[in-house]
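**Student:** please find the sequence and the predicted model below.
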Amino acid sequence: DIFVAVFITTSVTNWLSIICFLSIGLDESLKILADIEFFYSNGEWSDAKEVIIPNSVTSIGNCAFEGFDSLVKITLPFVGSSENVSDYSSVFGWIFGCYEYNTSSTESQNKTSSSTDYTSQYPYTYNGYTRYYRNYIPKSLREVEITKQEIIPNYAFQNCDLIQNITIPGTATSIGSYVFYECNSLKGLNSDVIGDVNIPLKVTNISKYAFYNCNNIINITVGNLTSIGKYAFYNNESLRKFNSTVDYSINTPTTLNSIGEFAFKNAKLIKTIYVSDSVTSIGNGAFEGTNSLVKITVPFVGCSDGVSDYTSVFGWIFGCYEYNTSDTESQYKTSASVKYTTQYPYTYNGYTRYYRYYIPETIKEVIITSQTSIPKRAFYNCDLISSITISDNVTIIGSYAFYECNSLVQLNSNIYGEVNIPFGVTTIASYSFYNCSLIENISVGALTKINNYAFDGCKSLVSFNSADKYLINIPSSVLSIGDFAFRDAVL
């Protein structure tokens with residue numbers, strides 16, 4: 001039941017065509033280590049269980065292995081027609097049958113047999129004209145090994161939803177867009193352990209939608225990644241470890257620069273996230289749907305350090321949605337496990353847009369590791385978070401930064417009720433700690449201004465810049481105290 005192909009030097013491709021093997025189309029010859037004529041003459045190509053194609057092969061024709069309807073495993077040097085193509089012939093289904101179709105035609109009009117599985121549509125535009133192609137692979141196929149190709153092309157295994165194990169070369173450097181899109185039976189990549197995906201160390205870029213809806217993946221290890229594209233690991237609902245030895249955690253490598261929008265959306269089991277300081281941008285909703293999350297460490301609040309608009313609030317990474325002022329909250333709430341935090345009016349070129357944000361109800365601790373200016377509205381109405389840590393190098397805390405954080409009991413402290421404002425902060429902006437009703441003790445540095453409503457509603461406050469209870473000790477550096485700055489303090 002094993003069909004093995006080994007290439008030698010004497011050309012026999014014409015002979016292969018004569019016996020209707022649908023020639024692989026190589027200059028090298030093919031030596032069959034099985035009775036190929038027997039298979040053909042008896043109509044038993046469908047009995048072959050395994051095909052091995054060596055690295056000497058440089059091209060494979062369309063439909064070369066069509067009709068191998070019992071195939072379980074195939075080993076080949078590359079995906080598609082040849083190693084370096086990047087068109088409709090660069091997908092895995094090419095060797096089993098690629099057919100142009102009209103957009104109005106049904107799947108059954110192109111399906112080669114009941115034993116094949118329709119994988120993907122591929123739109124290909126050339127000279128302004130777009131053609132569409134469909135690909136079909138044996139339903140029996142479970143294992144694929146790619147032995148040579150280092151750049152895995154776009155759409156390579158798109159919708160190959162019955163394949164369970166894929167191996168790519170350890171020397172691979174790139175995984176293209178949509179490569180494993182909807183491979184929802186995939187249980188191993190470069191691993192024999194169920195649920196393990198080992199991305200080769202030299203791969204620096206996981207392109208958009210690369211592992212979209214691969215919901216059987218449990219553990220992902222990576223090397224020197226620099227970017228993770230949008231929707232890259234979307235709907236990996238079984239994910240328990242990403243580059244981590246600890247269960248239910250995501251730990252990005254120190255080489256990573258960017259995380260695309262919705263990259264880890266619906267990683268529902270994840271409880272802790274650590275984003276390295278090397279990251280300079282995080283897309284909208286990158287961690288949306290991480291509804292078991294308890295703790296997150298990020299370099300900054302929002303999409304990147306230094307921004308000051310609707311993208312600069314904490315809820316951005318869990319999902320930011322534009323809305324009409326007449327809409328209800330329920331129209332935007334993504335699930336029952338998220339907490340609506342804030343509305344953000346943003347005016348640009350005279351037009352005002354409004355945005356809503358939602359964070360997991362489970363989240364309790366946030367650590368900001370490198371940002372030196374906490375933007376306005378950063379944690380506005382994040383009223384379930386109990387502990388926040390910001391960098392000791394912070395010099396600015398924006399207005400409304402911790403507004404209505406009425407579960408906050410620790411800022412830069414392990415002591416319940418204690419807030420330690422970094423020494424370099426000179427101004428407490430308006431409404432910064434408004435209604436942070438569980439704060440008991442606040443220490444400050446060289447303040448010069450305490451603006452309007454800065455600590456209004458801090459009903460549990462018993463000491464300010466003092467080791468003694470029931471004492472407000474205003475630093476001598478302070479020049480002004482705004483309206484209602486300490487209103488409702490227990491003092």
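**Tutor:** Good, I have the coordinates. Residues are numbered from 1 along each chain as shown.

**Student:** and residue 137, how far is that from residue 439?
**Tutor:** 61 Å (Cβ to Cβ, to the nearest Å). In short, each C-beta sits where N, CA and C put it, glycine included.

**Student:** low-scoring stretches of the stretch 301-450 of the chain, by residue?
**Tutor:** 324-337, 339-349 (pLDDT under 70).

**Student:** which residue ranges of it form helices?
**Tutor:** Taking DSSP state H, counting those that start in this stretch to define them, one finds no helices in the stretch 301-450 of the chain.

**Student:** okay, strands next: where are they in it?
**Tutor:** With DSSP state E, counting those that start in this stretch, the ranges of strands along the stretch 301-450 of the chain come out as 320-323, 338-348, 351-360, 365-368, 373-374, 387-389, 396-397, 410-411, 418-420, 427-428, 441-443, 449-450.

**Student:** winner for burial among those strands?
**Tutor:** Among those, strand 373-374 has the highest mean neighbour count (mean count of other Cβ atoms under 10 Å), at a mean of 24.

**Student:** contacts for that strand?
**Tutor:** 301, 306, 368, 390, 394, 395, 396, 397, 398, 401 (Cβ atoms under 8 Å, 6 or more residues apart in numbering).

**Student:** which among the residues you listed end up buried?
**Tutor:** If you count burial by 16 or more other Cβ atoms under 10 Å, the buried members of those come out as 301, 368, 390, 394, 396, 397, 398, 401.

**Student:** so the fourth one sits against residue 372, correct?
**Tutor:** Read that as residue 394. Yes. Using Cβ atoms under 8 Å, residue 394 is in contact with residue 372, at 5.4 Å.

**Student:** can you give me the buried ones in stretch 374-388?
**Tutor:** Those would be 374-385, 387-388, for stretch 374-388 by 16+ other Cβ under 10 Å.

**Student:** ignore what I typed, I meant stretch 400-409.
**Tutor:** For stretch 400-409, the neighbour count (16+ other Cβ under 10 Å) marks 400, 401, 402, 403, 404, 405, 406, 408, 409 as buried.

**Student:** quick revisit: quick one: the contacts of strand 373-374 as a markdown table, columns for distance to residue 431 too.
**Tutor:** Formatted as a markdown table, the contacts of strand 373-374 follow (distance: Cβ to Cβ, whole Å):
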| residue | distance to residue 431 |
| --- | --- |
| 301 | 17 |
| 306 | 22 |
| 368 | 19 |
| 390 | 17 |
| 394 | 18 |
| 395 | 19 |
| 396 | 15 |
| 397 | 11 |
| 398 | 10 |
| 401 | 8 |
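
**Student:** output the below-cut-off pLDDT ranges for the stretch 1-150 of the chain.
**Tutor:** If you take pLDDT under 70 as the line, the stretch 1-150 of the chain has these spans: 1-46, 102-127, 129.

**Student:** ends of stretch 207-220, how far apart?
**Tutor:** One end of stretch 207-220 sits 15 Å from the other (Cα to Cα, to the nearest Å).

**Student:** swap that for stretch 150-163, sorry
**Tutor:** 20 Å.

**Student:** how much space between the nearest residue to residue 270 once chain neighbours are set aside and residue 182?
**Tutor:** Distance criterion Cβ to Cβ, 6 or more residues apart in numbering; nearest residue to residue 270, sequence neighbours excluded, is residue 290 at 4.9 Å. The spacing between residue 290 and residue 182, counted by Cβ to Cβ, is 21 Å.

**Student:** which of these two has more neighbours?
**Tutor:** Higher neighbour count among residue 290 and residue 182: residue 290, with 29 against 21, using other Cβ atoms under 10 Å.

**Student:** I'd say residue 391 and residue 367 touch.
**Tutor:** No. Using Cβ under 8 Å, residue 391 makes no contact with residue 367, being 9.4 Å away.

**Student:** ok, now which ones touch residue 308?
**Tutor:** 375, 376, 398.

**Student:** for the last one, give its distance to residue 229.
**Tutor:** According to Cβ to Cβ, residue 398 and residue 229 sit 31 Å apart.

**Student:** check the second one too.
**Tutor:** With distances taken as Cβ to Cβ, residue 376 is found 30 Å from residue 229.

**Student:** and what of the first one?
**Tutor:** Taking Cβ to Cβ as the measure, residue 375 falls 26 Å from residue 229.

**Student:** just residue 178 next, same as before
**Tutor:** 10 Å.

**Student:** shared neighbours, those two?
**Tutor:** Shared contacts of residue 178 and residue 229 (Cβ under 8 Å, 6+ apart): 207, 208, 209, 210.

**Student:** list phi and psi for the residue nearest to the first one when sequence neighbours are not counted.
**Tutor:** The shortest distance from residue 207 to any residue that is not its chain neighbour, by Cβ to Cβ, 6+ apart, is 4.2 Å, and that residue is residue 177. Backbone torsions for residue 177, taken as degrees, to the nearest 10, come to phi -70, psi 140.

**Student:** what of residue 152?
**Tutor:** phi -80, psi 120.

**Student:** just residue 296 next, same as before
**Tutor:** Dihedral angles (degrees, to the nearest 10) for residue 296: phi -140, psi 140.

**Student:** show me the contacts for it.
**Tutor:** Neighbouring residues of residue 296 by Cβ under 8 Å, 6+ apart: 272, 273, 274, 275, 287, 363, 365, 366, 367.

**Student:** could you do residue 174 as well?
**Tutor:** Residues in contact with residue 174 (Cβ under 8 Å, 6+ apart) are 150, 151, 152, 203, 204, 205, 207.

**Student:** need those in TSV with neighbour count and secondary structure, can you?
**Tutor:** Formatted as TSV, these follow (neighbours: other Cβ atoms under 10 Å; DSSP: H, G, I helix; E, B strand; the rest coil):
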residue	neighbour count	secondary structure
150	18	coil
151	18	strand
152	25	strand
203	23	coil
204	17	coil
205	16	strand
207	20	coil
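
**Student:** in the residues you listed, find the pair that's most separated.
**Tutor:** Pairwise distances across the contacts of residue 174 (Cβ to Cβ) peak at 14.6 Å, for the pair 150 and 207.

**Student:** now do the same for the spatially most central residue of the chain: its pLDDT.
**Tutor:** Geometric centre of the chain, nearest residue: residue 263, 2.1 Å, by Cα atoms, centre = their mean. Looking at residue 263, its pLDDT is 98.
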